[in-house]
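**Student:** Got a predicted structure here, sequence first:
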Amino acid sequence: MMNEPKVMVYSALWCAFCRATKDYLDKQGIEFTERDVDKDPSAGLESAQKSGQRGIPVVDIAGDIIVGFDRPRIDAALKAHNLS
């Protein structure tokens, strides 16, 4: 059985805040899995189910759902899950 990724980013190529989120995680040295909601409709549905809305980016950090590029919340969730 595969382990669920600890950090998942639901995004799209055209989304500037998605790029900013991924760049931020990269600079922090955080490994993440990306799901493109445009290329994979099931990723869009999954993102909407987790977040309760259709906006992106949606960041899932070990079950903590963060909508948008919210650095303080991302940092807090990474720290809470011993990922930073």
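**Tutor:** Received, thanks.
**Student:** Show me where this protein dips below the pLDDT cut-off.
**Tutor:** For the chain, the stretches flagged by pLDDT under 70 are 1-5.
**Student:** Which parts of it are strands?
**Tutor:** Using DSSP state E, the strands of the chain run over 7-11, 33-36, 58-61, 64-67.
**Student:** Can you convert those into CSV and add a column each for distance to A80 and mean neighbour count?
**Tutor:** Placement of C-beta: from N, CA and C, glycine included. Listed next are those as CSV, based on distance: least, CB to CB, whole Å; neighbours: other CB atoms under 10 Å:
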stretch, distance to A80, mean neighbour count
strand 7-11, 12, 23
strand 33-36, 19, 16
strand 58-61, 8, 26
strand 64-67, 7, 18
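**Student:** Can I get those strands in TSV including distance to K22?
**Tutor:** Listed next are these as TSV, based on distance: least, CB to CB, whole Å:
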stretch	distance to K22
strand 7-11	6
strand 33-36	7
strand 58-61	10
strand 64-67	13
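**Student:** For N82, which of those is the nearest?
**Tutor:** Of all the strands of the chain, strand 58-61 sits nearest to N82, with 11.0 Å by CB to CB.
**Student:** Show me what the closest one is packed against.
**Tutor:** If you count contacts as 3 or more CB pairs under 8 Å, 6 or more residues apart in numbering; DSSP states H and E, strand 58-61 packs onto strand 7-11, helix 41-51, strand 64-67, helix 71-80.
**Student:** how about the CA coordinates for that strand, as CSV?
**Tutor:** Coordinates of the C-alpha atoms in strand 58-61 are reproduced here as CSV (Å, rounded to 0.1, in the frame of the first residue of the first chain):
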residue,chain,number,x,y,z
VAL,A,58,-5.5,24.1,-2.1
VAL,A,59,-2.6,22.7,0.0
ASP,A,60,-3.2,19.5,2.0
ILE,A,61,-0.5,19.2,4.7
